[in-house]
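1. A structural model of the following input is requested.
(chains A and B)
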Protein chains: 2
Amino acid sequence: MILTLTLNAALDVSYEVDALVPGTSHRVRAVRQRAGGKGINVARILHAAGHPVRVGGLAGGATGEILRAELAAVGIPETLVTVAADSRRTMTVVSRATGEATLLNEPGPLVTDAEWQRMLEATRDLVTSMRVVIMSGSLPPGVPADAYAQLVAVAREAGAITIVDADGATLAAALPAGPAVVRPNAPELAAATGLTDRRAGVERLRTLGAGSVVATFGAEGLTADTPLGSWRGWLSEPVTPVNPTGAGDACAAAVAAGLARDASWPESLRDAVAWSAASVTAAVAGVVDAEMVARIIPNVRVEEFDDPRSNG
Amino acid sequence: MILTLTLNAALDVSYEVDALVPGTSHRVRAVRQRAGGKGINVARILHAAGHPVRVGGLAGGATGEILRAELAAVGIPETLVTVAADSRRTMTVVSRATGEATLLNEPGPLVTDAEWQRMLEATRDLVTSMRVVIMSGSLPPGVPADAYAQLVAVAREAGAITIVDADGATLAAALPAGPAVVRPNAPELAAATGLTDRRAGVERLRTLGAGSVVATFGAEGLTADTPLGSWRGWLSEPVTPVNPTGAGDACAAAVAAGLARDASWPESLRDAVAWSAASVTAAVAGVVDAEMVARIIPNVRVEEFDDPRSNG
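-> Numbers count the residues shown, from 1 in each chain, chains lettered A, B, ... in the order given. Modelled structure (predicted):
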């Protein structure tokens, strides 16, 4: 089973208005809301693809209750640890006239030290039955900067394969604990390492503790540098992007699914490219349609390339 | 006791951002939320001024639970009838750079006929112990257009004094039931009657069923046309407006408080002018500060004027 951890779970609220004009009053034409945060999005994609998955992390207050209820409604099991403060909302205001999206992101709940200790304990209990543990996204206020290092350590003790998918500083702080896989995009790779060259950045991440690095470069595809070799994956025919949000989560979900079923790297990467591409063609962020994946798969190219380190 | 009825109760959520720029992503610097909707705002003002008050109306879903909890926290008793759909949120996004406010108003829950019947029954039970019943604000989808007429009839049967504070069409539909007082502002007066002349509009409202008309005209003050006479109230020295939202609710609260304690019209109108003016000087919408009211009272002028109808 795969455990996704979301420390800064969110209620994603989406408003449609005719056109957003600052300083004026708007009638909201449509309201949609669902549980979000990167780890929960990963779980949603895995669940839709039929992979057994459980949601862990932190949730609090009335907003936390709403997102738990929504996960229950779609049938995704969760063991979210309760915090006292309210989980955050992320608002997306879409102007019907132009399709333009405006985002308003709340900072997240202030997590106490006692709550963080309960999170570690809960994870220790959960990971014993997990093959893969993926931790994704930002840290809420109050959580230690090396939160992912602590969680990686707990998961590794139990023999689980760990994946970390986070921004520069949060990712960098996780490396000393030796996560099996990290999944930066180009800006995150640069922010975590201070290096803009792909190969130099990937090498730095691995030197600092990452087992494998799956780096994503938007429409240009992805690379995987692993102890078993290095591969590049891309689409021979580009798709028409509708909503780029969530492509990284789709990629991470495919990698987690591949590790959970012991797939080869080329096979996992083929799925990662296809799931990401399917995700960007969907109107709703982070939805991976199986038929779309099947249509895209024949256009995915995966090729091994030479990396001095992986031949060592 | 005063009963305020809010059929379209809201959770008022306020975000502070550095500057709202459509099409971009914003970090929310501060989040505030509280129970709202005009009737709940009236109850909040009455409660703060020490008048016994109870909140009635409709509330539903997770948002309804949040607003009930907030009322309980501030000590305002409520008998809100539960509906299945979510109560609405109203979002105000304030740009720190300019102070500019952008509003996003959800439409409100779809109320079923069975829920509306329960609302009428609950009101029938409540009004027996109420001296004044004030119904304020918009109607949520599904509620009959003459909702306020039905509620006025229920309240009048029990001998309560009724006040209706609503927009054009909703106000117009309430008149046949004979509300004791209606409180339109200038645009509402015009929308409800199709007449732009004050006196003609007020006369039309009274012909259609309103007992008294308290009409408000922003900084120019207010008028009251009643069976006992007509008065005009205004400030001899204007206040510096900070937040015009909620001035009408402050006026309605003062009128309700006056009717509840059998005050004379000039006394009620003096308070209505002072409470409204105090409200517009507060940063938070609809807060009436007692010290500010005491400072403003000496500057309130109330003067009787001749209305052919009120001498009849």
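
2. any buried residues in the helix ranked longest in chain A, and which?
-> Of all segments of type helix in chain A, defined using DSSP state H, the longest is helix A:265-281. Neighbour counts using 16 or more other Cβ atoms under 10 Å in any protein chain shown place A:265-266, A:268-281 of helix A:265-281 among the buried residues. Every residue, glycine included, has its C-beta placed from N, CA and C.

3. likewise stretch A:116-135?
-> For stretch A:116-135, a neighbour-count test (16+ other Cβ under 10 Å) marks A:116, A:118-119, A:122-123, A:126-127, A:130-135 as buried.

4. in helices, which of those residues appear?
-> Counting by DSSP H, the buried residues of stretch A:116-135 contribute A:W116, A:R118, A:M119, A:A122, A:T123, A:L126, A:V127 to helices.

5. okay, the third one: pLDDT?
-> I take that to be A:M119. A:M119 carries a pLDDT score of 98 in this model.

6. of the ones in helices among the buried residues of stretch A:116-135, which pair is most distant in space?
-> Farthest pair in these (Cβ to Cβ) is A:W116 and A:V127. Separation: 16.5 Å.

7. which parts of the stretch 51-200 of chain A are strands?
-> Per DSSP state E, counting those that start in this stretch, the stretch 51-200 of chain A carries strands over the ranges A:53-60, A:78-83, A:88-95, A:101-105, A:132-136, A:161-165, A:181-182.

8. reformat the ones you listed as a markdown table; add mean pLDDT and distance to B:N8.
-> As requested, the strands of the stretch 51-200 of chain A are exported to a markdown table (pLDDT from 0 to 100; distance: least, Cβ to Cβ, whole Å):
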| stretch | mean pLDDT | distance to B:N8 |
| --- | --- | --- |
| strand A:53-60 | 98 | 28 |
| strand A:78-83 | 98 | 32 |
| strand A:88-95 | 95 | 21 |
| strand A:101-105 | 95 | 23 |
| strand A:132-136 | 98 | 38 |
| strand A:161-165 | 98 | 42 |
| strand A:181-182 | 98 | 49 |
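
9. buried deepest among those, which one?
-> strand A:132-136 (a mean of 29; mean count of other Cβ atoms under 10 Å in any protein chain shown).

10. send me it as PDB with only the CA atoms.
-> Listed next in PDB are the C-alpha coordinates belonging to strand A:132-136 (Å, rounded to 0.1, in the frame of the first residue of the first chain):
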ATOM      1  CA  VAL A 132       5.800   3.300  -0.300                       C
ATOM      2  CA  VAL A 133       5.500   6.500   1.700                       C
ATOM      3  CA  ILE A 134       5.300   9.800  -0.300                       C
ATOM      4  CA  MET A 135       5.400  13.200   1.500                       C
ATOM      5  CA  SER A 136       4.400  16.200  -0.600                       C
END
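
11. A:F217 - how many residues pack around it?
-> Residues contacting A:F217 under the criterion other Cβ atoms under 10 Å in any protein chain shown number 14.

12. per-residue pLDDT, the closest residue to it other than its chain neighbours?
-> Leaving aside its sequence neighbours, A:F217 sits nearest to A:A186 (Cβ to Cβ, 6 or more residues apart in numbering or on different chains; 5.5 Å). pLDDT, A:A186: 95.
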